[in-house]
Structure formats: structure tokens, C-alpha cells
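Peer 1: Predicted model follows, preceded by the sequence.
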Amino acid sequence: MENVLLTVDEAARQLAVSRWTMYRLMKERYVVSVQVGRCRRVTAESTAPYVAAHVAGAAWWAPIVRLGATTSPLGH
């Protein structure tokens, strides 16, 4: 059976972010977390939408990079 609830460290590892970034993501409600006794757990299903949002945001830039553009469309 797949874990439904992840520890903060497990969720951070899954998203490849630091533990402190994970706490910020929970505080800013980018991922859903619940209190279990004295521990905080992240719902496993809430990490996928966070990743999908970042992939979707990066996808418009990816074809430009592959075409060899050296600057972003935003002028940065």
C-alpha cells in the first residue's frame, strides 16, 4: 500500500527541496498538511499538483531553450 501521508522530510525529498522550503510550502498552502498527534504530515496527493504547476509554468520556456535562444522572452 502506498503512503497516503508523508513526513516532512519524505515530502521534501520527493520534491527535491530543503526541509525548510517544505515548511514554507506548507505554511503558504502550496501543499496540504495535517497534524497527526505532535507531528506534521504532508498528504501524498498534494505534491503532484505542486509539481504539475511548476512543469506547466516551465513548459512554455522549454521549446525556446531547445531552439538555442540565449535570452528569455521576458528580456532577462
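Peer 2: Good, I have the coordinates. Residues are numbered from 1 along each chain as shown.
Peer 1: Now do the closest residue to residue 46 other than its chain neighbours against residue 3, distance only.
Peer 2: Sequence neighbours aside, residue 32 is the residue nearest to residue 46 in space, at 3.9 Å (criterion: CB to CB, 6 or more residues apart in numbering). Backbone N, C-alpha and C define where each C-beta goes, glycine included. When distance is defined by CB to CB, to the nearest Å, residue 32 is 14 Å away from residue 3.
Peer 1: These two - which one has more neighbours?
Peer 2: residue 32 (15 against 10; other CB atoms under 10 Å).
Peer 1: and the more buried one, what is it in contact with?
Peer 2: For residue 32, the contact set (CB atoms under 8 Å, 6 or more residues apart in numbering) comprises 42, 43, 45, 46.
Peer 1: Quick one: buried ones out of these?
Peer 2: Listed as buried from those are 42, 46; burial here means 16 or more other CB atoms under 10 Å.
Peer 1: What is the most widely separated pair among the contacts of residue 32?
Peer 2: 42 and 45 (9.7 Å; CB to CB).
Peer 1: Kindly list the longest helix within the chain.
Peer 2: The residue-count maximum for a helix in the chain (DSSP state H) belongs to helix 47-59.
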